[in-house]
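# Following is a predicted model, sequence given first.
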Amino acid sequence: MAQAAVLAVCVCFTVGATDSGSRVNDLSHQMMCTCGCAQILGECNHVGCPASGPMMEELRAAVAGGASDHQILGSFAAKYGATVLAAPTTQGFDLVGWIAPFAVFLAALLGTMLLVRRWKMDPEAARAATATAEAANLDPAAKALRERIRRETGTDGGV
Amino acid sequence: MAAFGSFALIVALALAAYNLFAGSVALRLLATGQPARISPERLADTARRAGIGGFYAVTAAAFALVWAVFTNDFSITYILEHSNRALPIQYKFAALWSGQEGSLLLWAWLLGTYGFVLRLTHKTDVKLFAYAGTILAAIQVFFLAILNFAAPPFSVFRGAIPEDGNGLNPLLQYPEMVIHPPMLYLGYVGFSVPFAFALGALMMRYPGEKWIKVTRSWTLVTWLFLSGGICLGMHWAYAVLGWGGYWSWDPVESASFMPWLTGTAFLHSVIMQEKKGMMKSWNVWLIFTTFLLTMLGTLLTRAGLVSSVHAFAQSSIGSWFVWFMCIVAAVCIFTYILQRDHLKGEHKLESLVSRESSFLFNNLVLLTVCFVILWGTMFPVLSEYVQGSKVTMGAPWYNRVAVPIGLFLLFLTGVGPLLPWRATSLRSIRRNFVAPSIALLVTVGACIAFGVRPWVEGQFDQGHFYALVAFALCAAVFVAIVSEFLRGAAVISKQTGRNLLAATWLLTRRNMRRYGGYVVHIGVVIILVGLAGAAFNLSEEKEMALHERLNIGNYSLECQGFTQDSNLNYNSEYAMLDVYRGGKRILQMTPEKRVYLASGQPQTMVAIHSTVFWDLYVVYEGTNSTTGQPIIKAIINPLVSWIWAGFLILFLGTLAALAPSLSPATAALRVPARTGASQPALKGGD
């Protein structure tokens, strides 16, 4: 319990931190280290990295100089190339990178809904099919016991 | 030993080729009924025996390579490049998969082992297993051809043989690296078996659904290994790479996750086929896709298509994999078109809100997540092709795109089991959803009270928002699953007079598959709670003089000095940090930096202090060249141990799902799955 309380305190500490240190931290997590280690700039720690130290200094200087996030990211992209940004921009072909997953998700969602509608039986036919199947295959005692199980477990069977 | 290993590989290739050729001829003769000089059954049996012989040959080759590592046979180039005399014994095994040629040999050996087990158990269904064995032989021919002609592991070093080798990659010199790659490979290679069964069953127009039961068991075993491989990989990244996280969306990490997702989708949708005769084509394609994704993962690792931390295995054999994937895809499409009428099923739903619908949506979301990851992995290549420059698809992109869809999947994980088969009444919705809804609302309230708020001074905080939604959904799903157990246990308790715990145990034993599956879901929920904890990480970095303190969270780290050490394998320097909490010294941590003598490569060794609610993670980042003082980075990672605990529960649940049930819960009430008009058209034979 004590640990849970301390965790909550930690959480509270992290909420609301919006000073320049926090901005540097946020921005450094939106960029990649350029040494080839494929790590986020703010998380690159490999021994003797020639890139992350100077880049972090540059970032701190830019934040201290009052530049906006957009300006800082733009200047880094101009200097180090587009791959320095940890995510594509929202312009030009890069936008496709953002839109395609959601477009596919929505199309698949719509397709599944249409499929479910298409597969859905007429309610009368469904009831008749169920009744016929049950009547044909269950004796009255088993039917009663099955109804009881369904009533008590609230489901129609297992996975 | 090099000559022996090379000879064993040639023999293995010859046997696999015979298995493929004789097996194909025999199955063709059986299918067409044409008269032949030799009985097709006998021919098929010689093919099977050749497959078993091939396993022994590949085993001999793998043994030769391991023997060469242990005897420091640096006349073999592979051993020279991946081992050295001072390498500890446990890591000598790791040399087998530390490079291109060795890892391909491991792949071929594991495939041979799976094939060996399959061929020994052929009496389960001789004809189906003959088809599957022949398809496995075709895959084995491909890998053995690479090993013999493109990436030979026994190539001999030309020139004067050096006294010592270059050593093992330092990243691999960690205990989990002795388990993680084989486990992952068992998962990757294992999907060849369900693929072989699915393709074989389709080729022979297998009558009935028995093949799906066989395939499901193999898939579950493979899925278990892949889950284990992913878990160990995450833990290795966390403990070795030293950046404080466990998942960086590296393309090769993603490549292992994609077949896991499609395999998971198959394990769910196959229930629809077994219970309702639905989704037959879908299931076949899920298995085909899963196998192709395992190949894509291997291609990504080796072809250098995308930059990755797994670059140590890169080479020029990518084109082999591209061609192989094209051939496999062509065979799958051709067979499907030829036999698709065999896969016609009953597609009838009684209600839009039912277990059946939830399975459909579950599959949709799993496949969408898989597409998102594939898109994120391949988009840099596409971008370079279209606009001439690569872009990076890093964690920020995945957090914004994959996480919302993943949360929707979590929602379905909770909703699905609460919906009955066929149709759902308003009454059952009310009854089943009350407790989870209450849990959701209570969790939202508690989180907000403790400061997990998606808004900070009027600004939206994405991390906290996702964490809030994840915690709330996890609570709801957990309550939903527990209520499923309790509802069934209450009935048994009432009938048998057992206490609730004993009744729950009996309930689980009676339907291991169903309740094992629920335990897996609980494991996933706990993993997601752990992942959501990442939103609250704290991090501090400081250059520390003697007795200076670094404060983070409720910990205080005091530097007691730093020192150096060395052994035959590496030199190391490490800091000694006393850790205080609440003013009381609780332990000393020694984060370390090593420089391996053979390769000259540096490596970080992180010090981790784990508790139930958070990890204190300390990295020795090196020394300031001016002051000579150590630079220490400390991170508080909340709830990380929940991830490992969740995986453990997931493994136990999967093992439970694999175990046979005690007896059918309602044996006397069995209703035939299909009756009368709903009986699908099953055509036997060829």
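Nice, thanks for sending it over. Residues are numbered from 1 along each chain as shown, chains lettered A, B, ... in the order given.
# So which residues of chain B form strands?
B:455-456, B:459-460, B:538-543, B:549-552, B:555-566, B:570-581, B:584-589, B:592-596, B:602-605, B:607-610, B:614-623, B:630-638 (DSSP state E).
# Out of these, which is closest to B:Phe4?
Closest to B:Phe4 of those, according to Cβ to Cβ: strand B:592-596, at 30.4 Å. Yep, even glycine has a C-beta here, placed from its N, CA and C like the rest.
# Please save the CA atoms from the closest one in PDB.
This file holds the C-alpha atoms of strand B:592-596, laid out as PDB (Å, rounded to 0.1, in the frame of the first residue of the first chain):
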ATOM      1  CA  GLU B 592      28.900  -1.100 -15.200                       C
ATOM      2  CA  LYS B 593      30.500  -0.500 -18.500                       C
ATOM      3  CA  ARG B 594      32.600  -3.200 -20.100                       C
ATOM      4  CA  VAL B 595      35.000  -3.200 -23.000                       C
ATOM      5  CA  TYR B 596      35.400  -6.700 -24.600                       C
END
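# and that strand, does that touch chain A?
Yes. Applying Cβ under 8 Å from any Cβ of the partner chain, one finds strand B:592-596 touching chain A at B:Lys593.
# Pull up the pairing partners for that strand, direction included.
With DSSP bridges as the test, strand B:592-596 is paired with strand B:570-581 (antiparallel), strand B:602-605 (antiparallel).
# can you put the ones you listed in JSON lines and add mean pLDDT and mean neighbour count?
Compiled in JSON lines, the strands paired with strand B:592-596 are given as follows (pLDDT from 0 to 100; neighbours: other Cβ atoms under 10 Å in any protein chain shown):
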{"stretch": "strand B:570-581", "mean pLDDT": "90", "mean neighbour count": "19"}
{"stretch": "strand B:602-605", "mean pLDDT": "82", "mean neighbour count": "21"}
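# of all those, which lies closest to B:Val469?
strand B:570-581 (31.4 Å).
# In chain A, what residue lies closest to chain B?
Chain B sits closest to A:Ala86 of chain A, with a gap of 3.4 Å, by Cβ to the nearest Cβ.
# For that residue, which non-adjacent residue is spatially closest?
Excluding the flanking residues, the one nearest A:Ala86 by Cβ to Cβ, 6 or more residues apart in numbering or on different chains is B:Gly394, at 3.4 Å.
# so what's the backbone phi/psi at that neighbour?
phi -100, psi -170 (degrees, to the nearest 10).
# in chain A, which ranges drop under the pLDDT threshold?
Applying pLDDT under 70 to chain A picks out residues A:1-19, A:45-48, A:121-159.
# run the last query once more with 50
A:1, A:6-7, A:9-18, A:154-159 (pLDDT under 50).
# And the strands in it, which stretches?
Listed in chain order, chain A contains no strands at all (DSSP E).
# Which secondary structure elements does the longest helix along it sit against?
Secondary structure assigned by DSSP state H gives helix A:94-119 as the longest helix of chain A. When contacts are defined as 3 or more Cβ pairs under 8 Å, 6 or more residues apart in numbering or on different chains; DSSP states H and E, helix A:94-119 packs onto helix B:355-387, helix B:395-415.
# how about the ones you listed in TSV, adding mean pLDDT?
Shown next, in TSV, are the helices and strands packed on helix A:94-119 (pLDDT from 0 to 100):
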stretch	mean pLDDT
helix B:355-387	89
helix B:395-415	88
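# Export these as a markdown table, with columns for mean neighbour count and distance to chain A.
Formatted as a markdown table, the helices and strands packed on helix A:94-119 follow (neighbours: other Cβ atoms under 10 Å in any protein chain shown; distance: least, Cβ to the nearest Cβ, whole Å):
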| stretch | mean neighbour count | distance to chain A |
| --- | --- | --- |
| helix B:355-387 | 20 | 4 |
| helix B:395-415 | 20 | 4 |
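# Same list, those, but as a markdown table with distance to B:Val66 please.
As requested, the helices and strands packed on helix A:94-119 are exported to a markdown table (distance: least, Cβ to Cβ, whole Å):
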| stretch | distance to B:Val66 |
| --- | --- |
| helix B:355-387 | 33 |
| helix B:395-415 | 38 |
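# picking up where we left off before, what sits against the residue of chain A closest to chain B?
Going by Cβ atoms under 8 Å, 6 or more residues apart in numbering or on different chains, A:Ala86 touches A:29-32, A:40-41, B:392, B:394-397.
# nearest to B:Trp67, of the strands of chain B?
strand B:592-596 (23.9 Å).
# Quick one: mean pLDDT for the closest one?
Mean pLDDT, strand B:592-596: 86.
# care to break chain A down by domain?
Here the domain parsing of chain A from automatic domain parsing is A:2-84, A:94-153.
# Chain A contacts on the stretch 101-250 of chain B?
Counting by Cβ under 8 Å from any Cβ, the stretch 101-250 of chain B sits next to chain A at B:242-245, B:248, B:250.
# between those, which is closest to B:Leu224?
Closest to B:Leu224, out of all of those and judged by Cβ to Cβ, is B:Asp250, at 22.9 Å.
# that older thread, okay if I get the strands of chain B as TSV plus distance to B:Arg340?
Conversion of the strands of chain B to TSV gives the following (distance: least, Cβ to Cβ, whole Å):
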stretch	distance to B:Arg340
strand B:455-456	53
strand B:459-460	49
strand B:538-543	55
strand B:549-552	61
strand B:555-566	62
strand B:570-581	59
strand B:584-589	61
strand B:592-596	56
strand B:602-605	53
strand B:607-610	53
strand B:614-623	52
strand B:630-638	50
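# Among those, single out whichever gets nearest to B:Ala8.
strand B:592-596 (31.7 Å).
# So what's the gap between that closest one and the chain middle?
30 Å (Cα atoms, centre = their mean, to the nearest Å).
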